[in-house]
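1. Predicted model and sequence below, questions to follow.
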Number of protein chains: 4
Amino acid sequence: MKTTQMLDTYPATINLDRQLLARVIESLVACSQACTACADACLSEEMVADLRKCIRSNLDCADSCAATARILSRHTGYDANITRAHLEACIAACRACGDECEQHAGMHEHCRICAEACRDCETACAELLAAIR
Amino acid sequence: MKTTQMLDTYPATINLDRQLLARVIESLVACSQACTACADACLSEEMVADLRKCIRSNLDCADSCAATARILSRHTGYDANITRAHLEACIAACRACGDECEQHAGMHEHCRICAEACRDCETACAELLAAIR
Amino acid sequence: MKTTQMLDTYPATINLDRQLLARVIESLVACSQACTACADACLSEEMVADLRKCIRSNLDCADSCAATARILSRHTGYDANITRAHLEACIAACRACGDECEQHAGMHEHCRICAEACRDCETACAELLAAIR
Amino acid sequence: MKTTQMLDTYPATINLDRQLLARVIESLVACSQACTACADACLSEEMVADLRKCIRSNLDCADSCAATARILSRHTGYDANITRAHLEACIAACRACGDECEQHAGMHEHCRICAEACRDCETACAELLAAIR
């Protein structure tokens, strides 16, 4: 990923720490990808009926992380309120999905790995949120 | 749009008023579409340099509304926290974009129409948020 | 939806018939929404294990229609190759999802309604594709 | 990114080479991210009026790559037609965006870096397309 290079060549001011921002964007993108894959892996499990809530959390988290990654990749006409509100929503989605995946982590490796991606992302978003406030 | 029909044929319980939910989903989808079109219309204006912030708000609002519409279209394993946090984020995006578009409404019809879509969507989301709390 | 109004206020030339374009964009948006809802409805069915392929087709079709709706909503720097290739991909997704949903239409009303949305969208996209060639 | 780990823990058969697939998915995700950032960087350039087509190509390519990454991350109920058609559409978007960005590469570092991401992604998608045929 060229996140850092793209941040470094942005032609105007960025109101947030570029190194932290790069880490958050990459966590969001990685989490969105892991959640999309986990939803599909759950769908192929024999016990798919027990994984309904997990699939749903995965799909929500994938959508939330994807939207937040895009919003954080824009710096023109920066509005801290927008960034803050979307980080908060995304943290809620990552927490719920991480909690749900963790319950299946002992049985399904994809849920264990996806839970890790959710935790990483939740932590990164929380750090950025703290830096904005 | 077949939003109401899809809600009426969902095979399990939906924890929210279906009529209100349908209205919110359709407002979100309409707002996302209007914002995508407004960003592109602004990009083609001679005075594009004065519309940078508007384009940015449009793109954010389009992404936020699209993600929220998807989340509200899922009822399996419902989690009120996720719904609430995303409605709040989306309201912030709609308000910011509506405010920005309104400033150009006298000069650009697409901004005037887009501002209407943002206001409709903000109002619908706020009504649903009040019903959840 | 304000699709027609947004097309009518676009400040430069649009290389396609605006009325047809509006119809296609609205079909895409409606299909994306129906597919997202159908995936979730399938997930809540008792017989979810028999609906795996349907859920997968729904998710693909939702993503394909959403991306195509956005691309068709942009007219600045128009490139017929991009439009054509995405219409073709979207037609493939709509056909596959319509076929799959149709197989469950007798048993699940949401699949019957979603199949209709897929057929509408496939037809609209094919009409636009024919107009571009 | 946990792409390889997620592919390795998918519980059923994957009809494509997992190593190649992981590389393509990561290229798509990286390209989508670079294009979103490049659109915003172009928007902040003093000469934004000369970058209209570039911004438009960036936005299309970001949407196309994001949808294709999701589709390639699903293996349940695999349909080669869907994969093929979306790879072809995505290759068209990456080529157009890479060509456009390259024209501004001497003047704008973000366009130079984004063009690289587009070329990488186009090549990776073409390799996978060749493997499917």
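-> Sure thing, it's come through. All of these numbers come straight from a predicted model, not from anything done at the bench.

2. hey, let's count contacts and neighbours off CA atoms from now on
-> Noted.

3. Let's verify residue A:15: helix, strand, or coil?
-> coil (DSSP: H, G, I helix; E, B strand; the rest coil).

4. what pLDDT does it get?
-> pLDDT, residue A:15: 88.

5. What separation do you get for it and chain C?
-> Remark: distance between residue A:15 and chain C (C-alpha to the nearest C-alpha, to the nearest Å) = 29 Å.

6. quick one: low-confidence ranges for chain A?
-> For chain A, not a single residue meets the criterion pLDDT under 70.

7. Could you tell me which residues of it lie near chain D?
-> Residues of chain A lying near chain D by C-alpha under 8 Å from any C-alpha of the partner chain: A:1-3, A:5-7, A:9-12, A:27, A:29-31, A:33-34, A:36-38, A:40-41, A:43-45, A:70, A:73-76, A:109-110, A:113-114, A:117.

8. one more time with 6 Å
-> Residues of chain A lying close to chain D by C-alpha under 6 Å from any C-alpha of the partner chain are A:1, A:6, A:9, A:10, A:30, A:37, A:40, A:41, A:73, A:74, A:110.

9. now the residues you listed as TSV including secondary structure, distance to residue B:94 and neighbour count?
-> Below are the residues of chain A next to chain D laid out as TSV (DSSP: H, G, I helix; E, B strand; the rest coil; distance: C-alpha to C-alpha, whole Å; neighbours: other C-alpha atoms under 10 Å in any protein chain shown):
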residue	secondary structure	distance to residue B:94	neighbour count
A:1	coil	30	19
A:6	helix	27	25
A:9	coil	29	17
A:10	coil	26	23
A:30	helix	27	25
A:37	helix	30	31
A:40	helix	32	26
A:41	helix	35	26
A:73	coil	19	24
A:74	coil	17	25
A:110	helix	36	29
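
10. Which one of the residues you listed is nearest to residue B:50?
-> Distance to residue B:50 across the residues of chain A next to chain D (C-alpha to C-alpha) is lowest for residue A:74, with 17.0 Å.

11. Now the helix or strand where residue A:92 lies - C-alpha only, CSV.
-> Under the criterion of DSSP states H and E, residue A:92 resides in helix A:80-103. Provided in CSV are the C-alpha atoms of helix A:80-103 (Å, rounded to 0.1, in the frame of the first residue of the first chain):
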residue,chain,number,x,y,z
ALA,A,80,-13.1,17.5,12.4
ASN,A,81,-16.8,16.7,13.3
ILE,A,82,-17.1,14.4,10.3
THR,A,83,-13.9,12.6,11.1
ARG,A,84,-14.8,12.2,14.8
ALA,A,85,-18.3,10.9,14.2
HIS,A,86,-17.2,8.3,11.6
LEU,A,87,-14.3,7.1,13.8
GLU,A,88,-16.8,6.6,16.6
ALA,A,89,-19.2,4.7,14.4
CYS,A,90,-16.4,2.6,13.0
ILE,A,91,-15.1,1.8,16.5
ALA,A,92,-18.6,0.5,17.4
ALA,A,93,-18.6,-1.7,14.3
CYS,A,94,-15.1,-3.0,15.0
ARG,A,95,-15.9,-3.7,18.6
ALA,A,96,-19.1,-5.6,17.9
CYS,A,97,-17.5,-7.6,15.1
GLY,A,98,-14.4,-8.4,17.1
ASP,A,99,-16.5,-9.6,20.0
GLU,A,100,-18.6,-11.7,17.8
CYS,A,101,-15.7,-13.2,15.9
GLU,A,102,-13.8,-13.9,19.1
GLN,A,103,-16.7,-16.2,20.2
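
12. So what touches that helix?
-> Contacts to helix A:80-103, defined as C-alpha atoms under 6 Å, 6 or more residues apart in numbering or on different chains, come from residues A:54, A:57, A:61, A:64, A:111, A:115, A:118, A:122, A:125, B:82, B:85-86, B:89, B:93.

13. could you redo the last one with a cut-off of 8 Å?
-> Under the contact criterion C-alpha atoms under 8 Å, 6 or more residues apart in numbering or on different chains, helix A:80-103 has outside partners A:53-54, A:57-58, A:60-61, A:64-65, A:68, A:71-72, A:111-112, A:114-116, A:118-119, A:121-122, A:125-126, A:129, A:132, B:81-82, B:85-86, B:88-90, B:92-93, B:96.

14. Also within reach of chain B: list those from the residues of chain A next to chain D.
-> Within the residues of chain A next to chain D, those near chain B by C-alpha under 8 Å from any C-alpha are residue A:74.

15. Can you name the residues of chain A that neighbour chain C?
-> Within chain A, the residues that sit near chain C (C-alpha under 8 Å from any C-alpha) are A:40, A:43, A:44, A:46, A:48, A:49, A:52, A:56.

16. need the contact list for the closest residue to the fourth one other than its chain neighbours.
-> Read that as residue A:46. Distances taken as C-alpha to C-alpha, 6 or more residues apart in numbering or on different chains put residue C:49 closest to residue A:46, at 7.8 Å, once the chain neighbours are dropped. Shown in contact with residue C:49 (C-alpha under 8 Å, 6+ apart): A:46, A:48, A:49.

17. how about the spatially most central residue of chain A, what does it touch?
-> Using C-alpha atoms, centre = their mean, the residue of chain A that lies closest to the mean C-alpha position is residue A:28, 3.4 Å off. Residue A:28 makes contact with A:65, A:66, A:68, A:69, A:121, according to C-alpha under 8 Å, 6+ apart.

18. Surely the fourth one is in contact with residue A:29?
-> Think residue A:69. Yes: with contacts counted by C-alpha atoms under 8 Å, residue A:69 reaches residue A:29, the gap being 6.4 Å.

19. just to confirm, which helix or strand has the nearest residue to residue A:3 once chain neighbours are set aside in it?
-> Closest residue to residue A:3 apart from its sequence neighbours, by C-alpha to C-alpha, 6+ apart: residue A:22 at 5.8 Å. Taking DSSP H and E as the criterion, residue A:22 maps to helix A:18-44.
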